[in-house]
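**Q** okay, sequence plus prediction incoming.
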Amino acid sequence: MEWNPETLKFLSECFLHTLSPAPEPRRRAEASLAEASDSPNYGLAVLRLVAEPSVDEQIRQAAAVNFKNHLRVRWSPASSSDELSAPSLVPDSEKEQIKALIVSLMLSSTPKIQSQLSEALALIGKHDFPKLWPALLPELVASLQKASQASDYTSINGILGTANSIFKKFCYQYKTNDLLLDLKYCLDNFAAPLLEIFLKTAALIDSAASSGAPAATLKPLFESQKLCCRIFYSLNFQELPEFFEDHMKEWMTEFRKYLTTSYPALESGGVDGLALVDELRADVCENINLYMEKNEEEFQGYLNDFAFAVWSLLGNVTQSSSRDQLAVMAIKFLTTVSMSVHHTLFAGEGVILQICQSIVIPNVRLREEDEELFEMNYIEFIRRDMEGSDLDTRRRIACELLKGIATNYRQQVTEIVSAQIQNLLTSFVSNPVGNWKDKDCAIYLVVALSTKRAGGASVSTDLVDVQSFFASVIVPELQSQDVNGFPMLKAGALKFFTMFRNQIPKDVAIQIFRDLVRFLLAESNVVHSYAASCIEKLLLVKDEGGRARYTAKDIAPFFGELMTNLFKAFKFPESEENQYIMKCIMRVLGVAEISREDAGNCVIGLTSILMEVCKNPKNPIFNHYLFESVAILVKRACEKEPSLISAFEERLLPCLQLILANDVTEFFPYAFQLLAQLVELNSPPIPRNYMQIFEILLSPDLWKRTSNVPALVRLLQAFLQKAPHELSQEGRLNMVLGIFNTLISSSGTAEQGFYVLNTIIESLEYGVIAPYVCHIWAALFGQLQNRRTIKFVKSFLIIMSLFIVKHGPANLVDTMNAVQPNIFSMIVKQVWIPNLKLITGVIELKLTAVASIRLICESQALLDAANVELWGKMLDSIVTLLSQPEQDRVEEESEMPDITENVGYTATFIRLYNAGKKEEDPLKDIKDPREFVVALLARLSSLSPGRYPQIINQYLDPANQAALLQLCNTYNCQIV
């Protein structure tokens, strides 16, 4: 794209139309810009437009945003993407011109444009700085010194903001030699100029504050100090640099001043001014906390002064939410001190009591902001309150301070907090309506200060007797007939029950279960979510020996009411896609005995929700639990009563067909897994409507999206097993093998290709696959040459073993040698013998051991005298495989893994645990592979007495000879 008046006019008009309120011109302009963005020098042209003073400010601002977003996707290659074609990258020549222009342009721009260009510069710096952009830091330093001389704080803050962005990587990247070299380069060039501007600005603040300068004068100076503090944090994060150690006094003197000095012009001049001062103080607290954590020895001379300054500061920080960041960072610093060797600062008489009364209790008590969050944004409230993302809230950090002090003063903390809890409960009893927040505070303290036991979800506390506290404090809330009264108190009680569920005796918990079911109909989103979560977590409780504490029998008396209330809870505003309710449904369906009538009601309820969410999938966690609920209902109801299958198909197939027809790609992997489950439940011949889906399944386009592949393979396996006859018709097998070839040729999908081939070999008669076998081996040999990874080799061994047990050793040898003469012996020597010992898994070990012994006992190629060495070494590998100690294996089904919060509609496949494929054992008749091996060996040796003991002595490792002899004795077999 050439820079000329036509380009300027074209871009200006496009960016003007992108601001249009009318959708049609806006869409046209966005499409024109998207097309133009593929042209070389597009980014440079947009940057020149931003620099053009004759163009309207709004247009230039829109261009700056577009420029930043253009660089975000086109400056460097993106990580793995599902897209077939990634966007073209900015050419190197254009990159150099952009880098030459951007710093000076950013510094001369208006604040809004400067902000966008600073972000764009940081994006470039993230990839190029410092190695590919050595001119950046010297240019920033020179510009900083020039701006400093002119006291141009607009430019100074622009430069510091940019430096802050590019230095942030030192906080979040792993420590490597390359990172430390980059850090040294930055320190050598920027540490001294940073201190210089910090001290200059500090002097200007002192002068302005003492002369009573207005807030407008102080604001840019405070902004500058705030940025200096953040850069200080980044440059000190990895380790204490020598320059900062040498100049610690200058930094710490100013840091302490900002914690102890008041600035009335800003603090009394409105919310913005106070927030600016608080942000600077919070950054100072973060810096001294970093030194306390990492440079305690060097910092100890300043510790007492800072501890006193922070303590005093906290006494003056109000409960306003605007001051939360400062309160949290200040308390975090005291927490770090409490767990250090300097914890004696807290040992003075009355200190811990004072902390509890003046810092902890005030910050744990509910505020108006908490009540607003509870009512207006229940998801965020739960995320903070129940799921532990509240580490940076006052409530949580105040309790962390107590935990920190308790590491060295446990008894004092326990006694003081227990007394405070009793005082709060007494206050509540004196006036339950007026003082309900005191009871909430008491419950919160017990829960927040509880400790998790290692290796489990169980928690404990020394503050109260859990069962007594539950009976006297929690049960009255849970048995209250008004499920809508004091909802925050009800939520706290439900949270306590959930947290201490392991310690509540079963007979007590069973009595409360019906109350939990009632709370599902509470109007508060938090309350009915907590009730659902409590039920779900109770059903996971295990007693000794791993037995579930609560069974189908326990929930049978109220199962109908429970399911009715769970589905009714979705009707509450904002709970239409409540993930806690759906997770509870999934868990209940996994435990309860489901009658035919219950199954019918549940499938109607779940499919109605599914039809609705198909219109606009927006909550991936809710949707995952929805599909898991459907899968477990299908699994448990239809396996118990096969006559239900057709009724389930009637409800489910329209949903699944809707997903495919409307191209709801987020749900494709789920739909294919559920279809596989339904296909497997049918007896051959499978209904015709499934065969229509089978035709769609063979479409190559469907397999291009890698996140679909595991689910498609799962469905393809189901069809191969249930419709082998249909597969051999109309060229379908050829198409399936084409899919296998595509999968096997990519390292990311090779394992899935082996799953397809496994099922083909296992499910189809030899006569059907015979014409294709040589092509299969040729494809695998080609891949083996290019990619001999352990995973690939193990999968190849398993395929060959399965082929032997299904179709015999002779067919394996003959078809392989038909691809290339004598290649079979080469495969045995180079692949089979050295890698057999790598096989793991009960079924896999049995399969490969049985196939290997059949190969050397039945294959004429290996029984030939010319191949005696191969025979001996193969037996040596078989004995090695069978002699390896078995790892502990859990026979029972593992628990369903919890789906994490970061699950989204990404290119990642998410498996439905309840629609999982059962692992088939192709050798069910063989119970003990060791017995089978020695029995077959004994039978072979009896045909040629004296031959095999000699080969064994010659080629088996002495340890394996002893192991083989022991096996023979164990199973009473002799090799003669």
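**A** Arrived safely, thanks for sending.
**Q** hey, let's count contacts and neighbours off CA atoms from now on
**A** Noted.
**Q** I'd like to know how far residue 254 sits from residue 225.
**A** Distance, residue 254 to residue 225, using C-alpha to C-alpha, to the nearest Å: 10 Å.
**Q** how many residues are close by residue 760?
**A** When neighbours are counted by other C-alpha atoms under 10 Å, residue 760 registers 23.
**Q** wait, it sits on residue 722?
**A** No: contact criterion C-alpha atoms under 8 Å: residue 760 and residue 722 do not qualify, at 11.5 Å.
**Q** returning to what we had before: need the residues touching each of residue 254 and residue 225.
**A** residue 202 (C-alpha atoms under 8 Å, 6 or more residues apart in numbering).
**Q** quick one, which of those two is more surrounded?
**A** residue 225 (23 against 15).
**Q** now the strands: where do they sit in the protein?
**A** Secondary structure of the chain (DSSP state E): strands located at 451-452, 459-460.
**Q** list the contacts of the first one.
**A** Meaning strand 451-452. By C-alpha under 8 Å, 6+ apart, strand 451-452 touches 458-461.
**Q** out of those, the closest to residue 144 would be?
**A** residue 459 (54.2 Å; C-alpha to C-alpha).
**Q** partners of the closest one in the sheet?
**A** residue 452 (DSSP bridges).
**Q** and it, how many neighbours?
**A** Residue 459: 17 neighbours (other C-alpha under 10 Å).
**Q** if I pick it, what's in contact with it?
**A** Applying C-alpha under 8 Å, 6+ apart, the residues contacting residue 459 are 450-453, 499-500.
**Q** neighbour-wise, give me the winner out of these.
**A** residue 499 (22 neighbours).
**Q** which of the helices and strands in this structure ranks last by mean pLDDT?
**A** helix 724-727 (a mean of 78; mean pLDDT, DSSP states H and E).
**Q** buried residues, it. List them.
**A** For helix 724-727, the neighbour count (16 or more other C-alpha atoms under 10 Å) marks 724, 726-727 as buried.
**Q** rewinding a little: among the contacts of residue 459, show me the least confident.
**A** Least confident entry in the contacts of residue 459, by pLDDT: residue 453, with 69.
**Q** any weak-confidence spans in the stretch 851-976 of the chain?
**A** 886-909, 916-918 (pLDDT under 70).
**Q** again, only this time at 50
**A** 888-894, 901-907 (pLDDT under 50).
**Q** returning to that earlier point: could the contacts of strand 451-452 go into JSON lines alongside pLDDT?
**A** JSON lines is the format used below for the contacts of strand 451-452 (pLDDT from 0 to 100):
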{"residue": "458", "pLDDT": "73"}
{"residue": "459", "pLDDT": "84"}
{"residue": "460", "pLDDT": "85"}
{"residue": "461", "pLDDT": "88"}
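**Q** which one among those gets closest to residue 807?
**A** residue 458 (52.7 Å).
**Q** now do the contacts for that closest one.
**A** Per C-alpha under 8 Å, 6+ apart, neighbours of residue 458: 452, 499-502.
**Q** can you rerun that using 6 Å?
**A** By C-alpha atoms under 6 Å, 6 or more residues apart in numbering, residue 458 lies in contact with residue 452.
**Q** for residue 255, see how far away it is.
**A** 43 Å.
**Q** mind putting the strands of the chain into CSV with distance to residue 806?
**A** Formatted as CSV, those follow (distance: least, C-alpha to C-alpha, whole Å):
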stretch, distance to residue 806
strand 451-452, 52
strand 459-460, 53
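**Q** of these, which is nearest residue 488?
**A** Nearest of the strands of the chain (C-alpha to C-alpha): strand 459-460, 22.2 Å.
**Q** looking at the contacts of residue 459, which is nearest residue 837?
**A** residue 453 (39.2 Å).
**Q** the longest helix in the protein is where?
**A** helix 394-430 (DSSP state H).
**Q** and that one, how far from the chain's centre?
**A** The chain centroid and the centroid of helix 394-430 are separated by 34 Å under C-alpha atoms, centre = their mean, to the nearest Å.
**Q** do a quick rundown of the helices in the stretch 101-250 of the chain.
**A** Assigned by DSSP state H, counting those that start in this stretch, the helices in the stretch 101-250 of the chain fall at 111-128, 136-149, 153-167, 169-172, 177-210, 215-236, 242-246, 248-260.
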